[in-house]
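Colleague: Attaching a predicted model along with its sequence, questions to come.
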Amino acid sequence: MNSDIVTLPPARVSISSSIRGLRLCVCLLSCAIAYGEAEEDAALRAEPGRVAAWQGGRLGLFIHWGPWSQTGIGYIWRMMESPGEEARGMELWRTFDPVNFNPGAWARAAKDAGMSYVVFVTKHHDGFNLYDTGLSNYRITARGAPFAGDSRADITRAIIDAFRAEGLAIGLYFSHIDWHHADGRRFSRGHRDFDPSLVDRDPAAWRRFADYEIGQVRELLTQYGKIDIVWFDIQWPFAENGIVRVSHPVVRADVLRLVRMIRELQPEALINDRGTDVYGDFLTPEQRVPETGLPGPWETSLTITNERGYWYKGDGVSCKSPDTLVRTLVDVASKGGNLLLNVAPRPDGTLIPGEYEALAGLGRWMRKNGESIRGTLAGPFLDLPWGRSTWRGTRVYLHVLDWPRDGVLSLPGLRSPIVRAWLLADPGQVPLEVLSRDGEAAIAVVPRPAAEGVSVIAVDFESVPVVRNLLRASEGGRVLLPVARARLNGSSLRYNHGRNILRGGFLEGFATPGESVSWDFAVSQPGRYRVSLEYALSEGPEGGTFQVVVDGSGPLTAEARATAKWDGPLLEVRTNTPEQGETKDNRWTFGSHAIGTVSIPQAGENHLEVRAIAVSHGNLFFLKGVTLEPL
C-alpha cells in the first residue's frame, strides 16, 4: 500500500499532497518544472529566487477601479450585454472625477493588513487607461477628463508612489482585450468566443492591435520605475493560460514578443499565466481556493465584498468578515498559494467602511500570527480534522479552525518527536502539554485560548519532521476519498485542477478498460459500509461499467449513468439556467450514486480501487470521489 510519507527537507521547497496520493515535492526552481510542456528558454522565465520571494509574501491587495465604478455594478461584462449599455459605458469617463482619491490611505491599510504587494488595474476590458499613455486619448489625463487637471491625475503613478513608500512590491494589471480600440474590438468581444480566422482574414488589424498592447506595456514598464509583477487578464485571442502553447502561429509570435520585452525591460518582474503561452510564472485561479495546491506557484484572487464581480457594488454590499478572510488565508497558505484580496473603491476614490474593517481585522490577526504565514511553505499535514498547517525549517505551525471539545489536537501520522509547542500569540511561550492518544501524538491546549478566531500553535522539532498522511474516517465513521488524493493507475488518467474561475477538482481521461484509481485509508471500526461515487456524465455516452474493490470484500460492479446534459468540455460548463447573465460553475452536473455495500473486516488501514471494466464513447465518467458510509 502507498505509505504517503512526507519528509520535510531543509531546502526551500513546497510540500503538498500528490494528486495521485503519492509523495510530491514541488520544487520552486522554475515554472518549466511545474508546467512540464515548456521549451528550455531561460531568457523567457523569471529567476527562481524571485518566484520564491514573491511566494514568501503570501498576501497582496488587488484594486479594481475606474469609470465603471460609477455604475455600482460589480460585473463589468454587463457593459457588453447590449449596444445601449456599451455606449453608456464608453462615455462614463466624462463624469469620472475621484476628488477624494487618497492612495496613501489605501497603502497604509494594506501594509497594516500584513500585505506585501499590490496589483492595480491600469487598463481593464473597457480600454480606459488609468495612466498617462501616449498611445490613446481614452485616458484619465486626457483633455476634457474631469480629473485631468488634478496633480494626482496619473492615478497609476500616484498609487505606485504611495504603495512603494509603504514598502510594498508593485504589480500592474493589464487586460489583453480592449472594447474601445478600433481594431481590438474585433478580437475582444468575449472570454472565449474568438475566431482564429479573424487574424488570417485581416492580419493588418491584428498587427495594429498587437503593436498597441505591446506599446502600452512598454510604457508601463519604462515610465514608473521598478515593476515587480505584470498581471495580465483574459487570454489573447486563441492563447491559453500559461500551461498550454498558443496554437495560432501569428498570435504566438506576438505573445513571445511581449514576454521577451517584459523580461528585457524588467528582468526581475514576475508574469502571471493569462495569455502568456507557457511562460507564466504563476497560476491564477479566482474567487475560489483549489481543493489542493496547484502544480507550481499559484495565487488566487478573492473579493472582500460579496456578490458578483470585482468592481464597486454600492455601499449596501456586504463584506466578508475578518475571520472569514483569515481562514481563507490560512487555507491558501497551507496549500502553498498566495492570496490576492480585492477592494473596489467608490467613484469618488474612497473605500467602503466594510473593506477597511475587513483589512483592519486581518491586520490584527497578522500582527500576532503573521510568522505562520509569511515565508512559510505548504504544511506537512494533509488530514488534520481540526485545521491546517504550514512550516518553516524545523518549525511547524498548526492553525486551529475548529477546536475539539476537549482542547486536544491530534496529529495523525506524525512520526517525529516534538521538542516543544506553544501558542504563537503567547508572548511568554508557555509550553503546551504533548501527549499520546491512540498511538498518535497530540497537543493539549487546556484551557482553550479566550480570543475568538483562528489560533496558531508553533511546534518545534529537532530536525525536519516526518509525517505519514493517510485518509481517515471522521468521528461518525464516514470515509471521504477525494480524487485529489487518489493514486492514478493509467497513462490517460489526469486530475483537473480547474482554471481561473472554472472549477476543476475531478478526474478525467477515464477512457481505457483496466485503468483504475485507488486510495489507502483507515477506519476505526470494522463493519459494513455503503459505497457511493460522485461523478458527472453527460447524456449520450452512458453505459460503461466499473468495479469497486475493497480489501477483504468482493467487488461491486455497476453501470455508469448519465447525471446531466451539457455540450463541450466539462471544465467550461458554466450554467444550466437560461437567465441573462446567469453564471454557475459545473458542480450542478455531478451526482452521487450509491452502488452497494462492502464489508471491511478489520479496523485500521485498508485499500479501495475503482476500475474501468467497459468504456462507452471514450469516457467512463468524470469522478470526484468515493464515500464510505457506516451502516
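Modeller: Ah, there it is. In this text, all values refer to a predicted model and were calculated from it rather than measured experimentally.
Colleague: going forward, measure contacts between C-alpha atoms and count neighbours the same way
Modeller: Noted.
Colleague: which stretches of the chain form helices?
Modeller: Using DSSP state H, the helices assigned to the chain run over residues 31-35, 48-57, 83-90, 103-112, 155-165, 197-201, 203-222, 249-265, 322-334, 353-369.
Colleague: Show the pLDDT at Cys25.
Modeller: Confidence per residue is given as pLDDT, and for Cys25 that number is 34.
Colleague: coming back round to it: got TSV for the helices of the chain, with distance to Ile304 and mean pLDDT too?
Modeller: TSV is the format used below for these (distance: least, CA to CA, whole Å; pLDDT from 0 to 100):
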stretch	distance to Ile304	mean pLDDT
helix 31-35	29	41
helix 48-57	19	96
helix 83-90	24	93
helix 103-112	13	98
helix 155-165	19	98
helix 197-201	38	88
helix 203-222	27	97
helix 249-265	30	94
helix 322-334	8	98
helix 353-369	6	97
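Colleague: which of those sits most buried?
Modeller: Among the helices of the chain, helix 322-334 has the highest mean neighbour count (mean count of other CA atoms under 10 Å), at a mean of 23.
Colleague: For Trp236, which of the helices of the chain is the nearest?
Modeller: helix 249-265 (7.9 Å; CA to CA).
Colleague: before we move on, the earlier item: among the helices of the chain, which is nearest Asp585?
Modeller: The stretch from the helices of the chain with the least distance to Asp585 (CA to CA) is helix 322-334; that distance is 19.8 Å.
Colleague: could you give the angle of the closest one to helix 353-369?
Modeller: For helix 322-334 and helix 353-369, the angle between their directions (axes from the mean of the first three to the mean of the last three CA atoms, to 10 degrees) works out to 50 degrees.
Colleague: what's the angle from helix 322-334 to helix 48-57?
Modeller: Using the same axes, to 10 degrees: helix 322-334 against helix 48-57 is 150 degrees.
Colleague: Could you list the low-pLDDT ranges of the stretch 451-600 of the chain?
Modeller: Low-confidence segments of the stretch 451-600 of the chain, defined by pLDDT under 70, span residues 541-542, 575-584.
Colleague: Strands along that one, start to end?
Modeller: Along the stretch 451-600 of the chain, the segments classed as strands by DSSP state E, counting those that start in this stretch run 455-461, 466-468, 471-472, 479-482, 487-489, 494-499, 502-508, 516-523, 527-536, 545-550, 556-559, 590-600.
Colleague: Dump these to a markdown table, plus mean neighbour count.
Modeller: Supplementary listing: these in a markdown table, determined by neighbours: other CA atoms under 10 Å:
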| stretch | mean neighbour count |
| --- | --- |
| strand 455-461 | 21 |
| strand 466-468 | 19 |
| strand 471-472 | 22 |
| strand 479-482 | 20 |
| strand 487-489 | 20 |
| strand 494-499 | 19 |
| strand 502-508 | 22 |
| strand 516-523 | 22 |
| strand 527-536 | 19 |
| strand 545-550 | 20 |
| strand 556-559 | 16 |
| strand 590-600 | 17 |
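Colleague: nearest to Val230, of those strands?
Modeller: Counting by CA to CA, and looking across all of these, nearest comes strand 494-499 at 18.8 Å.
Colleague: now the helices of the chain in JSON lines, with distance to Gln429?
Modeller: Supplementary listing: the helices of the chain in JSON lines, determined by distance: least, CA to CA, whole Å:
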{"stretch": "helix 31-35", "distance to Gln429": "39"}
{"stretch": "helix 48-57", "distance to Gln429": "25"}
{"stretch": "helix 83-90", "distance to Gln429": "57"}
{"stretch": "helix 103-112", "distance to Gln429": "24"}
{"stretch": "helix 155-165", "distance to Gln429": "34"}
{"stretch": "helix 197-201", "distance to Gln429": "64"}
{"stretch": "helix 203-222", "distance to Gln429": "47"}
{"stretch": "helix 249-265", "distance to Gln429": "46"}
{"stretch": "helix 322-334", "distance to Gln429": "22"}
{"stretch": "helix 353-369", "distance to Gln429": "13"}
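Colleague: Between those helices, which one is closest to Glu572.
Modeller: When the helices of the chain are compared for distance to Glu572 using CA to CA, the nearest one is helix 31-35, at 20.6 Å.
Colleague: export the strands of the stretch 451-600 of the chain to JSON lines and tack on distance to Arg257?
Modeller: Rendered in JSON lines, the data for the strands of the stretch 451-600 of the chain read as follows (distance: least, CA to CA, whole Å):
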{"stretch": "strand 455-461", "distance to Arg257": "46"}
{"stretch": "strand 466-468", "distance to Arg257": "45"}
{"stretch": "strand 471-472", "distance to Arg257": "47"}
{"stretch": "strand 479-482", "distance to Arg257": "41"}
{"stretch": "strand 487-489", "distance to Arg257": "38"}
{"stretch": "strand 494-499", "distance to Arg257": "24"}
{"stretch": "strand 502-508", "distance to Arg257": "28"}
{"stretch": "strand 516-523", "distance to Arg257": "42"}
{"stretch": "strand 527-536", "distance to Arg257": "41"}
{"stretch": "strand 545-550", "distance to Arg257": "49"}
{"stretch": "strand 556-559", "distance to Arg257": "51"}
{"stretch": "strand 590-600", "distance to Arg257": "42"}
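Colleague: Mind checking these for the one nearest to Asn338?
Modeller: Across those, Asn338 has its closest neighbour in strand 494-499 (15.6 Å, CA to CA).
Colleague: re earlier: would you tell me which of the helices of the chain gets closest to Thr122?
Modeller: Judging those by CA to CA, what sits closest to Thr122 is helix 155-165, at 6.5 Å.
Colleague: Count the neighbours of Ala614 for me.
Modeller: Number of residues near Ala614 (other CA atoms under 10 Å) recorded here: 19.
Colleague: thinking Pro103 is in contact with Asp154, fair?
Modeller: No: using CA atoms under 8 Å, Pro103 and Asp154 do not qualify as a contacting pair, with a distance of 11.8 Å.
Colleague: domain ranges for the protein?
Modeller: By the assignment in automatic domain parsing, the chain contains the domains 47-236+257-270+301-363, 379-469, 479-630.
Colleague: Val289 is nearest to which of those domains?
Modeller: Distance to Val289, taken as CA to CA, is lowest for domain 47-236+257-270+301-363 among the domains of the chain, at 6.6 Å.
Colleague: Could you tell me the end-to-end distance of that closest one?
Modeller: Distance across domain 47-236+257-270+301-363, first residue to last, is 30 Å (CA to CA, to the nearest Å).
Colleague: What of stretch 381-393?
Modeller: Start to finish, the residues bounding stretch 381-393 are 15 Å apart (CA to CA).
Colleague: Ok, stretch 424-435 next?
Modeller: Using CA to CA, one end of stretch 424-435 lies 19 Å from the other.
Colleague: nearest spatial neighbour of Asp126, skipping sequence neighbours?
Modeller: In space, Asp126 comes closest to Trp179 once its chain neighbours are excluded; the distance is 5.1 Å by CA to CA, 6 or more residues apart in numbering.
Colleague: from memory the one you found sits against Lys123, does it?
Modeller: No: taking contact to mean CA under 8 Å, the distance of 11.0 Å between Trp179 and Lys123 leaves them out of contact.
Colleague: quick one on the thing from earlier: how about the helices of the chain, which one is nearest Leu135?
Modeller: Ranking the helices of the chain by their distance to Leu135 (criterion: CA to CA) puts helix 203-222 first, at 7.0 Å.
Colleague: packing partners for the closest one?
Modeller: With contacts taken as 3 or more CA pairs under 8 Å, 6 or more residues apart in numbering; DSSP states H and E, helix 203-222 sits against helix 249-265.
Colleague: what's in contact with the helix it packs on?
Modeller: 43-46, 199, 210, 214, 218, 221-222, 236-239, 245-246, 269, 275-277, 279 (CA atoms under 8 Å, 6 or more residues apart in numbering).
Colleague: Got a ChimeraX select line for the buried ones in those?
Modeller: In ChimeraX, selecting the buried portion of those, with burial taken from 16 or more other CA atoms under 10 Å, looks like this:
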select :44,45,46,199,210,214,218,221,236,237,238,239,245,246,269,275,276,277,279
